[in-house]
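# Predicted model, plus sequence, below.
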Amino acid sequence: MRFEFATATRIIFGAGTLRQLVPLAAELGLRPLVVSGKSVERVAPVLSLLAAGGLKPVSFVVAGEPTTDAVRQGVAVARQNACDFVIGFGGGSPMDTAKAIAALLTNPGELLEYLEVIGQGKPLEAPAAPVIAIPTTAGTGAEVTRNAVLASPEHGVKVSLRSPHMLPRLALVDPELTYSVPPSITASTGLDAFTQLVEPYVTPTANPLTDSLCREGIRRAARSLRRAFRDGSDIQAREDMAVASLFGGLALANAKLGAVHGFAGVLGGLFTAPHGAVCGRLFPEVAAVNIHALRRRDSNNRALGRYEEIARLLLGAPGAVAEDVIVWSTVLCRDLAIPGLAMYGITAADFPRIIAGASRASSMKGNPITLTETELAEILERAL
Ligand code: NAD
């Protein structure tokens, strides 16, 4: 057995830990570029806290999921203001934007030179500027991952900027920040976290360290996602989901993902749709097609046993079988009101280009079995 595990230099977790931000930020510099989402009210207390602590924060807003242009603009703003480090405050979108800006602040040249799939995929040579990542959704786990997912509208895809240099210096995970997340975003982001715990558990590159994180995270998400959706003020459920999101990030950064994310990256580039809701809708269908393909073509693959273990965790029943994962997740998505993919304007006519893109996606390589074009089309058909 061989494995490697890399994560943020430091992780601080707990309700109220945002109040520790000033001394932690002051260790990294004086002028942070504070990257946040479109809500001015949500980031205002953070900017005030930093300013009151003697720092000189510079605000940069990213309106939706990040694009290559947003990153270029952020780098320009950081340079104009001589920012010495970057804080990403928000969901995966601001955190990823912050990580990408920090990487380009210290590495010469154009963003495209470093991007996989659509660019040259050159390695980042220099360590990124220091990043503090503060998630406000539970969610992506992007506070502990080494990539930033960026949309390139001219190429019609979402691709990653990826490097061990992009691991944040500090992940500050305060579940209190998620209390204001409305039910629909609690559902979509929570399903992203859930998927990021299951895909690294069934991937061939899973290791004992990621396995233990996945088991614990799946247990917590299974007991708390519905609760957080129904009652956003359920503190215990919010804490469970913040742990699940963090553990998903730790797992995906050190194992691989699978077909759900292989598709989600392509769909996110071609259509406007919340990443987590797309993952949630695809999850039961990918599980169904994967389990069926494994039983038919590769019945000794350990992923089958893994699906069975997941079913036991989800149902809390020792007799559960792999197929129970499909039923359980279908019911969950229905309870969380996750719509079909047709809702985003996707039709069967789009399948060939979606399948072509997904087959090239790096996440697809983590799927426990190579799926045929017919099987990939079946997943889309069922998820429509
Ligand atoms: P997001 O950051 O786009 O935020 C979704 C919505 O939630 C926004 O409207 C935002 O304003 C709102 N929101 C955020 N915090 C809130 C709060 N506390 N209260 C109320 N509303 C709040 O969504 P996300 O799902 O967190 O991130 C999605 C992005 O992350 C995608 O681009 C996806 O590709 C990427 N991602 C990256 C990684 C990684 O490892 N780097 C992993 C998974 C996903």
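Received the coordinates, thanks. Numbers count the residues shown, from 1 in each chain.

# Residues of the stretch 151-300 of the chain that sit close to the ligand?
Lys158, Leu177, Thr178, Ser180, Val181, Ile185, Thr189, Asp192, Gly268, His275, Gly276 (C-beta under 6 Å from any ligand atom). For every residue, glycine as well, the C-beta is placed using N, CA and C.

# Could I get these in JSON lines, plus columns for secondary structure?
Below are these laid out as JSON lines (DSSP: H, G, I helix; E, B strand; the rest coil):
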{"residue": "Lys158", "secondary structure": "strand"}
{"residue": "Leu177", "secondary structure": "helix"}
{"residue": "Thr178", "secondary structure": "helix"}
{"residue": "Ser180", "secondary structure": "coil"}
{"residue": "Val181", "secondary structure": "coil"}
{"residue": "Ile185", "secondary structure": "helix"}
{"residue": "Thr189", "secondary structure": "helix"}
{"residue": "Asp192", "secondary structure": "helix"}
{"residue": "Gly268", "secondary structure": "helix"}
{"residue": "His275", "secondary structure": "helix"}
{"residue": "Gly276", "secondary structure": "helix"}
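
# just these now: which is nearest Arg360?
Lys158 (12.4 Å; C-beta to C-beta).

# so what's the closest one up against?
Under the criterion of C-beta atoms under 8 Å, 6 or more residues apart in numbering, the neighbours of Lys158 are Glu65, Val149, Leu150, Ala151, Ser152, Gly265, Val266, Gly268, Gly269.

# Inside strands: which ones of those residues?
Counting by DSSP state E, the members of the contacts of Lys158 that fall within strands are Val149, Leu150, Ala151, Ser152.

# Adding distance to Val46, neighbour count and pLDDT, write those out as CSV.
Below are these laid out as CSV (distance: C-beta to C-beta, whole Å; neighbours: other C-beta atoms under 10 Å; pLDDT from 0 to 100):
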residue, distance to Val46, neighbour count, pLDDT
Val149, 23, 25, 93
Leu150, 23, 24, 95
Ala151, 25, 23, 92
Ser152, 29, 19, 91
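
# Relative to Asp350, which of the residues you listed is nearest.
Among these, and counting by C-beta to C-beta, the member closest to Asp350 is Ala151, at 16.9 Å.

# residue boundaries of the strands in the protein?
Under DSSP E, the chain gives strands at 10-13, 32-36, 58-61, 85-90, 131-135, 147-152, 157-162, 170-173.

# Flag whichever of the ones you listed has the least confidence on average.
Among the strands of the chain, strand 157-162 has the lowest mean pLDDT, at a mean of 90.

# Alongside the ligand, which residues does the stretch 1-150 of the chain contribute?
37-39, 65, 90-93, 96, 136-137, 139-140, 142, 145, 147-149.

# Show me the chain divided up by domain.
In the assignment given by automatic domain parsing, the structural domains of the chain cover 10-178, 183-383.
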